[in-house]
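S.K.: Return atomic coordinates for the entry below.
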Amino acid sequence: MSIKLGIIMDPLPSINIKKDSSFAMMLAAQKSGWEIHTIYQSDLYTKNETPRASSRVTKVEDDADHWFDFSPEQDIDLSSLDVILMRKDPPFDIEYITSTYILQLAEQSGTLIVNKPASLRDNNEKMFITQFPQCCTPFLVSRNMKRLRGFVLERFQSEQQDVILKPLDGMGGTSIYRVNPQDPNLSVILETVSENGTRTVMAQQFIPEITKGDKRILLIDGEAVPYALARVPASGETRGNLAAGGTGVGVELSERDRWICQQVGPTLKQQGILFAGIDVIGDYLTEINITSPTCIRELDQIYSLDIAGDLMRCIEKHLS
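M.R.: Predicted coordinates:
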């Protein structure tokens, strides 16, 4: 089957191919004989009702000194592509939302978009977990500083646990705070993270098992990869994110992990989210990443997997 694949991503010359999941997908698509079109967010546009973009047919090679070659740039109708991978990294801002509108026009013409544009818009990666309270530690979503302070006090009194505060649009562990009622900086932290009550914040009960790692579990069409990358925080750090200095360690999914995936997977499948990465700390779901999930290359290397290849095979089934 001859397939034309578009991939919307950050600039290809700037990526780290040893860790980049989008690059892993490009390698897998090329191995399958697909034609790859690299597209940047700024390339997207519509002319009348037609979704279009500047595109570069791309050849890739797993070589840190020379990992891609572009053909001359061309202007294409997005509906001429069989599938488009939306892999632009957050922030999930108005430009990202505008891109999903353009992609939805291509979807209406028959192009498969991974992940489905409407689902990207509807499911904030922090808020998505609120659909699965049975999988989560206690949480509160609010921008009211008095209410947030009350949640911090409640969790400390009832469970002797700290609270994690984080904005709904953060990524890579940015602007995440661990607090308790005895923290002399609690007021200024609440002011900062909520921007003086104008920005909605998620508060979650702190999970001590973070010392064993924040597990990234990848799901393809609702089915979990059997291994996860546990991102273990650096000494003295609360955040396990690799971008915040965490170390990735491969782990097999536990029975609880598999149960969480069984809770989340059908909703992902129903909403056309073919590739997702959920975050699990201890026994609890903490985030559902659907914009540009990572950790393919690390898991492939540790366990000799072919996660991107499995995703391409899944896409091919959806196209047939």
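S.K.: Same question for stretch 158-173: list its buried residues.
M.R.: 161, 162, 163, 164, 165, 166, 167, 169, 170, 171, 173 (16 or more other CB atoms under 10 Å). Every C-beta, even on glycine, is put in place using the N, C-alpha and C of the backbone.
S.K.: Leaving out chain neighbours, which residue sits closest to the second one?
M.R.: If I follow you right, that is residue 162. Once flanking residues are discounted, residue 162 sits nearest to residue 206: 4.0 Å by CB to CB, 6 or more residues apart in numbering.
S.K.: for that neighbour, what are its contacts?
M.R.: The contact partners of residue 206, by CB atoms under 8 Å, 6 or more residues apart in numbering, come to 155, 161, 162, 163, 164, 178.
S.K.: Can you tell me how far the third one is from residue 183?
M.R.: Read it as residue 162. 9 Å (CB to CB, to the nearest Å).
S.K.: next one: the first one
M.R.: Residue 155 sits 13 Å away from residue 183, taking CB to CB as the criterion.
S.K.: Strands of the stretch 201-320 of the chain, start to end?
M.R.: Listed in chain order, the strands of the stretch 201-320 of the chain (DSSP state E, counting those that start in this stretch) span 201-205, 214-220, 223-224, 227-232, 247-252, 275-281, 284-289.
S.K.: Could you dump those strands into JSON lines with mean neighbour count added?
M.R.: Below are these laid out as JSON lines (neighbours: other CB atoms under 10 Å):
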{"stretch": "strand 201-205", "mean neighbour count": "23"}
{"stretch": "strand 214-220", "mean neighbour count": "25"}
{"stretch": "strand 223-224", "mean neighbour count": "18"}
{"stretch": "strand 227-232", "mean neighbour count": "23"}
{"stretch": "strand 247-252", "mean neighbour count": "14"}
{"stretch": "strand 275-281", "mean neighbour count": "26"}
{"stretch": "strand 284-289", "mean neighbour count": "22"}
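S.K.: Show me the one of these that comes nearest residue 5.
M.R.: With CB to CB, the closest approach to residue 5 among these belongs to strand 275-281: 13.5 Å.
S.K.: which of the buried residues of stretch 158-173 lies closest to residue 112?
M.R.: Closest to residue 112, out of all of those and judged by CB to CB, is residue 171, at 25.4 Å.
S.K.: Can you report how many residues neighbour the residue lying closest to the closest one once chain neighbours are set aside?
M.R.: Nearest residue to residue 171, sequence neighbours excluded (CB to CB, 6+ apart): residue 90, at 4.4 Å. Using other CB atoms under 10 Å, residue 90 has 15 other residues around it.
S.K.: measure residue 188 to residue 151 for me?
M.R.: Applying CB to CB, the value for residue 188 to residue 151 is 17 Å.
S.K.: again with residue 302
M.R.: Applying CB to CB, the value for residue 302 to residue 151 is 38 Å.
S.K.: In terms of neighbours, single out the busier of these two.
M.R.: residue 151 (18 against 14).
S.K.: I figured the more buried one hits residue 163, correct?
M.R.: Yes - with contacts counted by CB atoms under 8 Å, residue 151 reaches residue 163, the gap being 6.5 Å.
S.K.: Give me the common contacts of those two.
M.R.: Overlap of the contact sets of residue 151 and residue 163 (by CB under 8 Å, 6+ apart) consists of residue 203.
S.K.: can you pull out the strands in the stretch 1-150 of the chain?
M.R.: Using DSSP E, counting those that start in this stretch, strands in the stretch 1-150 of the chain cover 4-8, 35-39, 44-47, 50-60, 68-70, 74-77, 83-86, 112-114, 139-142.
S.K.: Dump those to a markdown table, plus mean pLDDT.
M.R.: Formatted as a markdown table, the strands of the stretch 1-150 of the chain follow (pLDDT from 0 to 100):
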| stretch | mean pLDDT |
| --- | --- |
| strand 4-8 | 98 |
| strand 35-39 | 98 |
| strand 44-47 | 98 |
| strand 50-60 | 98 |
| strand 68-70 | 98 |
| strand 74-77 | 98 |
| strand 83-86 | 98 |
| strand 112-114 | 98 |
| strand 139-142 | 98 |
